[in-house]
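> Need a 3D model of the sequence below.
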Amino acid sequence: PYPLVVMPHGGPFVSENPSYDGWAQLLANYGYMVFQPQYRGSTAYGLEFYQSAFIDGGEGGRKMQDDKDDGALYLVDQGLADPDRLAMFGWSYGGYAALIAAARSPQIYQCAIAGAAVADNLQQLNYYRGQMARFPTSGSLEQIKMWEESVSPIKEVENVNIPLFVIHGSVDQRVPPEHAEKYIKALKKHGIPHKSMWLEGADHFYSTLFYRHNMKFYSALIDFLANDCFGDKEMAAAEVARIDADSMATSLGQVAGIPRDGYEGRMNRSRLKAPSTFVLRESVAPN
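Numbers count the residues shown, from 1 in each chain. All right, here's what the predicted structure looks like:
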């Protein structure tokens, strides 16, 4: 079976599109199976499924989290995923889900990676209320109903029981950096081992990450999974050998369609366009 990375989408009121995903492909390139669940609240599955995230109270950290875990355990039952090598990696709401996963019990994951994560529900509620005041049709009512009663990660910090990696952009406007600052401070207060990374000058959405951000983030992500999460020394040694700066830059450019001088270079030369097709490399064979 494969080592599995559960990668829930952000939102949460969006859906995962069946199209190229650079992060999923990067993980697949390094031998990980990637599971991108359409948990309750995801769009395009009908009104009842959508409203089930908040109609009876916020289900963040509850039934919405169960959906992700149930999917991972199904893959284990099918013999596709290794129960001793399960991880969760998410961004935005997906990062919130990763923080929740890190504090759950009984625990099914070996580690969690939380990027641009909502860590304090009350703080995020204030953001959405501000959005509704300025844009009454912005669809934030659902967000408010969901976040009001969902589990808040900042209140679960002392229950974190697996290796945790927290990542945040220093100029995130949608989920302000204070979320990560408060959460990391709480981790330290409770003496909980963790890793953290600040992406200087990075905003919220992954499309705003520059090439230099991806270089730093991707290298740390692969290293954390191999060394801190699964403790697979053989895999770690192979990956460290592969992640020298130049080869990583070249492979990322090939896989993600990024010019060698990064997004900055592409923006400075407006005549360049991203390729319309991508060449996907095969994953390594399962154990």
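> can you pull the buried residues of stretch 119-126?
Ala119, Asp120, Asn121, Gln123, Gln124, Leu125 (16 or more other Cβ atoms under 10 Å). C-beta coordinates here come from the backbone N, C-alpha and C atoms, glycine included.
> how close does the fourth one sit to Asp66?
When you say that, I think you mean Gln123. 25 Å (Cβ to Cβ, to the nearest Å).
> repeat for the third one
Applying Cβ to Cβ, one obtains 18 Å for the distance of Asn121 from Asp66.
> got it, and the fifth one?
For Gln124, the distance to Asp66 under the criterion Cβ to Cβ works out to 21 Å.
> cool, and the second one?
Relative to Asp66, Asp120 is positioned 22 Å away (criterion: Cβ to Cβ).
> Among the buried residues of stretch 119-126, which pair sits farthest apart?
The span of those, defined through Cβ to Cβ, is set by Ala119 and Leu125 at 12.8 Å.
> which regions of the stretch 151-287 of the chain sit below the pLDDT cut-off?
232-287 (pLDDT under 70).
> now the strands for it?
Under the criterion DSSP state E, counting those that start in this stretch, strands of the stretch 151-287 of the chain are mapped to 164-169, 195-199.
> Which among those strands is found nearest to Asn29?
strand 164-169 (19.2 Å).
> contacts for that closest one?
Strand 164-169 has contacts (Cβ atoms under 8 Å, 6 or more residues apart in numbering) with 95, 99, 102, 111-117, 175, 177, 179-180, 183-184, 187, 192, 194-199, 201-204, 208-209, 213, 217, 220-221, 224, 228.
> on that earlier part again, adding secondary structure and pLDDT, write the buried residues of stretch 119-126 out as a markdown table.
As requested, the buried residues of stretch 119-126 are exported to a markdown table (DSSP: H, G, I helix; E, B strand; the rest coil; pLDDT from 0 to 100):
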| residue | secondary structure | pLDDT |
| --- | --- | --- |
| Ala119 | coil | 94 |
| Asp120 | coil | 93 |
| Asn121 | helix | 90 |
| Gln123 | helix | 84 |
| Gln124 | helix | 83 |
| Leu125 | helix | 84 |
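> wait, which of the residues you listed is closest to Pro18?
Taking Cβ to Cβ as the measure, Pro18 lies nearest Gln124 of these, at 28.8 Å.
> Using neighbour counts, trim the contacts of strand 164-169 to the buried set.
95, 99, 102, 111-117, 175, 177, 179-180, 183-184, 187, 192, 194-199, 202-204, 208-209, 213, 217, 220-221, 224, 228.
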